[in-house]
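# with the sequence up front, the predicted model follows.
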Amino acid sequence: MALVKILQVITLSELGGAQKVVYHIVAGLPAEQFEVTVACAPGGELVNWLRVLPQGIHVVEIPEMKRNISPLNDFKALWKLYSLMKKNAFHIVHCHSSKAGILGRLAAWLAGVPKIYFTVHGWGINEYQSRPVRLFYEWAERLGGAVSTKVVCVSESDLAKGRSLRLAAGDKFCVIYNGLPESQKREGVLRGELDIKGEDIIIGTVARLAPQKDPLFLLELARRMITRPDRGPGEGQLYFVLIGDGPLRSECEEFIAGSGLNGRVFLLGAREEAAELVRDFDIFVLFSRWEGLPLTIIEAMQAGRPVVANAVGGVGELVVHQKTGYLINGLDLKAAEEALQDLISSRDNRLSMGELGRQRADNLFSINEMIKKYRELYLT
């Protein structure tokens with residue numbers, strides 16, 4: 001049986017959810033069936049992960065692949081992708097993330113690639129953009145959708161949005177949920193690092209410090225809760241931990257210092273072992289403005305932690321309100337504080353919700369199921 005030659009294209013190689021999905025797809029495909037190449041921006045964790053895989057993955061670094069729009073860099077990246085595809089005669093090009101999704105699909109169409117797939121890790125179109133920007137992105141996505149063989153959504157929410165905006169023909173859409181392997185089941189690493197006692201409560205998140213994830217909302221919530229005058233006598237100390245880095249880091253540091261939260265709120269930066277550190281959280285939170293299907297919530301569920309999150313994108317397909325955690329709407333500080341206070345005050349609630357979440361993650365978001373569905377997609 002001839003090898004199926006696949007090119008995976010993703011914009012950045014930094015630590016992130018889409019990068020983890022690409023890595024797990026590539027790592028899970030049998031080498032006797034698939035020959036895989038990955039094209040991405042240079043220098044990130046994804047490149048390092050791929051280069052140590054036993055399959056011998058070919059990684060092509062394209063410096064011009066950048067998140068922001070840049071006509072000159074975008075044209076150079078398009079040309080390099082086209083040249084790579086024309087030279088290697090791939091059977092399939094599979095693109096991830098918005099920029100790579102547009103440039104990669106157009107390059108694949110120009111190069112005559114037989115099958116062109118795109119996985120939507122959350123549409124890059126949202127209510128926080130100006131109307132002209134939204135209209136431009138919708139036009140670009142429709143162009144990409146027109147040349148796609150299939151558009152894979154990671155949530156039913158993204159599928160509904162793609163169809164309502166007519167970003168591709170209705171029959172081109174399908175859903176494949178993200179899946180993850182379980183992290184190491186070690187606990188105590190984070191508490192030891194930060195010198196936090198076992199009876200104290202850690203509320204934490206793993207998220208890029210960027211507008212999409214709205215870390216300043218979480219910090220304002222932390223300020224309100226830590227400075228509450230009516231904390232119960234047996235509740236222990238309350239700590240907040242943010243794992244991740246990004247353009248809002250300096251603003252976050254200023255907020256923490258200006259609010260007198262040093263020693264109670266910690267910014268740990270990007271950590272490759274984040275999924276393991278989550279096992280020391282008592283409650284996981286994610287207050288994004290928009291989302292696809294966040295892997296960090298799946299990791300928290302696998303760790304048996306209850307989740308409080310903003311009900312955007314596919315988050316409501318992960319968290320079952322009042323069963324595995326709480327969903328809030330519209331970044332409501334009062335609702336978020338009430339949900340967290342309910343979990344802080346009841347260890348039994350934390351444990352029972354966390355266990356139901358763990359079972360849900362095992363049943364619906366397994367890495368084996370995700371790889372199986374992508375493999376079936378590639379072979380049809």
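Yep, that arrived. Numbering: from 1, shown residues only.
# the closest residue to residue 367 other than its chain neighbours and residue 53: what is the separation?
Nearest residue to residue 367 in three dimensions, chain neighbours excluded: residue 179, at 4.1 Å (Cβ to Cβ, 6 or more residues apart in numbering). Glycine gets a C-beta too; all of them are placed from N, C-alpha and C. Distance, residue 179 to residue 53, by Cβ to Cβ, to the nearest Å: 18 Å.
# go on, residue 77?
24 Å.
# ok, those two, which is more surrounded?
residue 77 (25 against 14; other Cβ atoms under 10 Å).
# from residue 97, how far out is residue 39?
Relative to residue 97, and taking Cβ to Cβ, residue 39 is found at 12 Å.
# shared neighbours, these two?
residue 10 (Cβ atoms under 8 Å, 6 or more residues apart in numbering).
# related to what we said a few turns ago, thought the residue nearest to residue 367 was touching residue 371?
Yes: using Cβ atoms under 8 Å, residue 179 is in contact with residue 371, at 7.4 Å.
# these two - which one has more neighbours?
Using other Cβ under 10 Å, the more surrounded residue of residue 179 and residue 371 is residue 179, with 23 against 19.
# and residue 198, how many neighbours does it have?
9.
# got the contact list for the closest residue to residue 215 other than its chain neighbours?
Leaving aside its chain neighbours, residue 215 sits nearest to residue 209 (5.0 Å; criterion: Cβ to Cβ, 6+ apart). Counting by Cβ under 8 Å, 6+ apart, residue 209 makes contact with 215, 242, 244-249, 252, 267.
# would you mind checking those for buried ones?
215, 242, 244-246, 248-249, 252, 267 (16 or more other Cβ atoms under 10 Å).
# now, those that are in helices?
215, 249, 252 (DSSP state H).
# the second one contacts residue 268, doesn't it?
Going back to what we said before, that points to residue 249. No: with contact defined as Cβ under 8 Å, residue 249 and residue 268 do not form a contacting pair (11.1 Å).
# just checking, what packs against the helix or strand where residue 80 lies?
Using DSSP states H and E, residue 80 maps to helix 71-88. On a contact count with 3 or more Cβ pairs under 8 Å, 6 or more residues apart in numbering; DSSP states H and E, helix 71-88 meets strand 4-10, strand 34-40, helix 98-111.
# average pLDDT for the first one?
Here the mean pLDDT over strand 4-10 is 98, rounded to a whole number.
# which residues does the closest residue to residue 80 other than its chain neighbours contact?
Of all residues not flanking residue 80 in the chain, residue 62 sits nearest, at 5.3 Å (Cβ to Cβ, 6+ apart). If you count contacts by Cβ under 8 Å, 6+ apart, residue 62 has them with 39-42, 77, 80-81.
# and if we set it to 6 Å?
By Cβ atoms under 6 Å, 6 or more residues apart in numbering, the contact set of residue 62 is 39, 77, 80.
# state the distance from the last one to residue 42.
So the one you mean is residue 80. For residue 80, the distance to residue 42 - Cβ to Cβ - is 12 Å.
# could you do residue 276 as well?
Counting by Cβ to Cβ - residue 276 and residue 42 are separated by 27 Å.
# same question for residue 133.
28 Å.
# quick revisit: can I get the ones in helices among the buried ones among the contacts of residue 209 in TSV with pLDDT?
Below are those laid out as TSV (pLDDT from 0 to 100):
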residue	pLDDT
215	98
249	98
252	98
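# and which of these is nearest residue 167?
residue 215 (29.1 Å; Cβ to Cβ).
# who's in contact with that closest one?
Neighbouring residues of residue 215 by Cβ under 6 Å, 6+ apart: 209, 248, 252.
# the more surrounded of residue 80 and residue 42?
residue 80 (18 against 13).
# quick one: buried residues of the strand or helix carrying residue 223?
Under the criterion of DSSP H and E, residue 223 resides in helix 215-226. Within helix 215-226, the residues that count as buried by 16+ other Cβ under 10 Å are 215, 217-219, 221-223, 225-226.
# quick check, nearest of those residues to residue 156?
residue 217 (25.6 Å).
# ok, the closest one touching residue 286?
No: judged on Cβ atoms under 6 Å, residue 217 makes no contact with residue 286 at a distance of 10.6 Å.
# any chance of the helices and strands packed on helix 71-88 in a markdown table, plus distance to residue 263 and mean neighbour count?
Putting the helices and strands packed on helix 71-88 into a markdown table (distance: least, Cβ to Cβ, whole Å; neighbours: other Cβ atoms under 10 Å) gives the following:
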| stretch | distance to residue 263 | mean neighbour count |
| --- | --- | --- |
| strand 4-10 | 38 | 24 |
| strand 34-40 | 38 | 23 |
| helix 98-111 | 39 | 24 |
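# mind checking which of these is nearest residue 336?
In terms of Cβ to Cβ, the element of the helices and strands packed on helix 71-88 nearest to residue 336 is helix 98-111, at 28.3 Å.
# so what touches that closest one?
9-11, 77-78, 81-82, 85-86, 93, 95, 116, 118, 124, 140, 144, 147-148.
# cool, and stretch 34-54?
3-10, 12-15, 19, 23, 26-27, 57-63, 65.
# now do it, average pLDDT.
94.
# what about the strands in the chain?
Per DSSP state E, the chain carries strands over the ranges 4-10, 34-40, 58-61, 92-96, 115-120, 150-153, 173-175, 201-206, 238-243, 265-269, 283-286, 307-310, 325-328.
# for those strands, give me TSV that also has distance to residue 190.
Below are those laid out as TSV (distance: least, Cβ to Cβ, whole Å):
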stretch	distance to residue 190
strand 4-10	29
strand 34-40	30
strand 58-61	32
strand 92-96	30
strand 115-120	31
strand 150-153	33
strand 173-175	34
strand 201-206	7
strand 238-243	7
strand 265-269	8
strand 283-286	13
strand 307-310	17
strand 325-328	20
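# nearest to residue 317, of those strands?
Across these, closest to residue 317 is strand 173-175 (Cβ to Cβ), at 9.5 Å.
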